[in-house]
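In: take a look and give me a structure for this.
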Amino acid sequence: MAMPATTGSVKSLIKKLLFHSSSIAAPKISPRQFSVNATTRPADSTLRSKSKRETQKQKQKAELLLKRRTRSARELDEEGFEKQYRNDNSAHVPVMLGEVLDAFASVPLKSFVDCTLGAGGHSAAIIEAHPEMALYVGLDVDPIAHEIAQTRINDILKKDAGRSRATLRVHTHLKNFKNVKSVLQDIDGNPLTPGIQGILMDLGMSSMQVNNSERGFSVLCDGPLDMRMNPQSSLKAEDILNLWPDDEVGRILRDYGEESNWFSLQKKIVRARSTGGLHSTRELVDLIRSSTSWTRGGRQGWIKTATRVFQALRIAVNDELNILKDSIYMCFDCLASGGRLAVITFHSLEDRIVKQSFLDIINQGAEGGNDKNSKERHLVSNSSEKLNAYEDKEAWIKQMVCGPNACVLTKRPITPCELEERLNPRSRSAKLRVIEKV
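Out: Numbers count the residues shown, from 1 in each chain. Alright, predicted model coming up:
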């Protein structure tokens, strides 16, 4: 009889439990909350850190560049520049003209030599700025440039015929500046070495040469592989590419073009000989494009490589570096006491030669014997004394190094102002160095 009661009570208890459980709200299980800030913070931190490193790296690079050069503080006449050159893309723009005028401004230029006449832009401005000039000598191996410059200078003389300018004797020679000494030893039958107050060497190529496809200097124009500054010379770029020994071709690309991919290019150039060789700039450019990986500077990476290859061939064809080394010393020997030699370079190989040659000149006869530290202290001491004397009259001189024979007035090379670089992109790599004979 007890079993039914027990069963009933159990059922009643189950009902109560079920009713009670249904009356209690089930706890809400919300989805896991993710903090947006918490997940992005590490990424933001990495990006900020990377950006900071890049900014710091760019700042250090800019500071290092400034240590190696002096940006010109001279203001460029933008309106005059645009008026003269804007509508004539073929016209040669004289690079750093204002800075060159400054370099010779305080020197009484009774005699002046332009070793690289070009279109006569620098020479014309210097002649106009120095009415005291009695003798002008211009040299250039390019007959077209020589003719243009001669016409330009004659126009100046005719324009100023009523003034003392008419007494200026002008001599232009179709010769390389390596012949500067021999030319100056036979001017009007009188030797003029030493005795020149100012000498200029502008080592850049003129726009007339680059824009003329027949000369073979441009990577963007199709023409013969010539690259001779002097059209009368026998050696052409195609001779080097098609006839010179393999190792020599590679050495030229490596040493004169500073091209890291020189070995691969050397092999392709030599291989091209079996199919007739290379005879046009377009054929050479196509070979370079096929040899340049897309990862090397993007789509335009081949242009940089081609520019280096063309530079290497041009230097080899014209023996530019060896001639430059010898000519700097010859030009310095031709200077009178107080005379100045100004040199504009356009790539590191040229600039390195000019810098080292200037240092060699001022170190000749420096006190201290073989003691390098003693020599440097003597040069620094001399430089400080000289700089104080120059500060008032020549603000463009920022740092100088002096020896017993000469003073380098540009311890750091002067580079174009930002406006000139923007208006004339070909001036971006230009560097001006000046030395004065004591």
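
In: and the longest strand for the protein?
Out: strand 335-345 (DSSP state E).

In: list the neighbouring strands of that strand plus their orientation.
Out: Using DSSP bridges, the strands paired with strand 335-345 in its sheet are strand 196-202 (parallel), strand 431-437 (antiparallel).

In: okay, these in JSON lines with distance to residue 220 next?
Out: (Each C-beta comes from the backbone N, C-alpha and C, glycine too.) Compiled in JSON lines, these are given as follows (distance: least, CB to CB, whole Å):
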{"stretch": "strand 196-202", "distance to residue 220": "23"}
{"stretch": "strand 431-437", "distance to residue 220": "25"}
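
In: any chance of those in TSV, plus distance to residue 112, mean pLDDT and mean neighbour count?
Out: TSV is the format used below for these (distance: least, CB to CB, whole Å; pLDDT from 0 to 100; neighbours: other CB atoms under 10 Å):
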stretch	distance to residue 112	mean pLDDT	mean neighbour count
strand 196-202	5	97	25
strand 431-437	14	98	24
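
In: what's the offset of stretch 306-321 from the middle of its chain?
Out: Stretch 306-321 has its C-alpha centroid displaced from the chain centroid by 15 Å (CA atoms, centre = their mean, to the nearest Å).

In: one more: stretch 426-437?
Out: Stretch 426-437 has its C-alpha centroid displaced from the chain centroid by 10 Å (CA atoms, centre = their mean).

In: same check, this time on stretch 218-233
Out: 21 Å.

In: okay, helices next: where are they in the stretch 201-350 of the chain?
Out: 207-211, 237-243, 246-255, 262-272, 281-291, 301-318, 320-334, 348-363 (DSSP state H, counting those that start in this stretch).

In: what packs against the longest one?
Out: For helix 301-318, the packing partners by 3 or more CB pairs under 8 Å, 6 or more residues apart in numbering; DSSP states H and E come out as helix 237-243, helix 246-255, helix 281-291.

In: can I get those helices in a markdown table including mean neighbour count and mean pLDDT?
Out: Formatted as a markdown table, these follow (neighbours: other CB atoms under 10 Å; pLDDT from 0 to 100):
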| stretch | mean neighbour count | mean pLDDT |
| --- | --- | --- |
| helix 237-243 | 19 | 98 |
| helix 246-255 | 17 | 97 |
| helix 281-291 | 18 | 94 |
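
In: same list (these) but as a markdown table, adding distance to residue 344.
Out: Shown next, in a markdown table, are those (distance: least, CB to CB, whole Å):
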| stretch | distance to residue 344 |
| --- | --- |
| helix 237-243 | 24 |
| helix 246-255 | 22 |
| helix 281-291 | 26 |
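
In: quick check: which of those helices is nearest to residue 438?
Out: For these, proximity to residue 438 was assessed by CB to CB; helix 246-255 is nearest, at 34.6 Å.

In: other residues contacting that closest one?
Out: Helix 246-255 is contacted from outside by 240-241, 259, 262-263, 265-266, 269-270, 308-309, 312-313, 315-316, using CB atoms under 8 Å, 6 or more residues apart in numbering.

In: now the buried members of those residues.
Out: Taking 16 or more other CB atoms under 10 Å as the criterion, what is buried in the contacts of helix 246-255 is 240-241, 259, 262, 265-266, 269-270, 308-309, 312-313, 315-316.

In: in this structure residue 312 contacts residue 269, no?
Out: No. The pair residue 312 / residue 269 is not scored as a contact, 11.4 Å apart, by CB atoms under 8 Å.

In: where in the stretch 251-400 of the chain is pLDDT low?
Out: 294-300, 365-383 (pLDDT under 70).

In: sorry, that was for the stretch 1-150 of the chain
Out: Using pLDDT under 70, the stretch 1-150 of the chain drops low at 1-51, 59-68, 83-84, 86-91.

In: show me where it has its helices.
Out: Under DSSP H, counting those that start in this stretch, the stretch 1-150 of the chain gives helices at 2-23, 36-68, 78-85, 97-105, 121-129, 143-159.

In: which parts of the third one are buried?
Out: Judged by neighbour count (16+ other CB under 10 Å), helix 78-85 contains these buried residues: 81, 85.

In: quick one on the thing from earlier: pull the residues that contact the longest strand of the chain.
Out: Contacts of strand 335-345 (CB under 8 Å, 6+ apart): 95-96, 100, 103-104, 107, 111, 194-204, 328, 331-332, 351, 354, 409, 413, 430-438.

In: residues of it that come out buried?
Out: For strand 335-345, by 16+ other CB under 10 Å, it's 335-336, 339-345.

In: so residue 261 is in contact with residue 292, correct?
Out: Yes. Shown here, residue 261 and residue 292 form a contact pair, counting by CB under 8 Å, at 7.1 Å.

In: okay, and the common contacts of the two?
Out: Contacts common to residue 261 and residue 292, judged by CB under 8 Å, 6+ apart, are residue 305.

In: where does the closest residue to residue 242 other than its chain neighbours fall, phi/psi-wise?
Out: Nearest-residue entry for residue 242: residue 277, 3.9 Å, with adjacent residues in sequence omitted and distances by CB to CB, 6 or more residues apart in numbering. Residue 277 adopts backbone torsions of phi 90, psi -170, taken as degrees, to the nearest 10.
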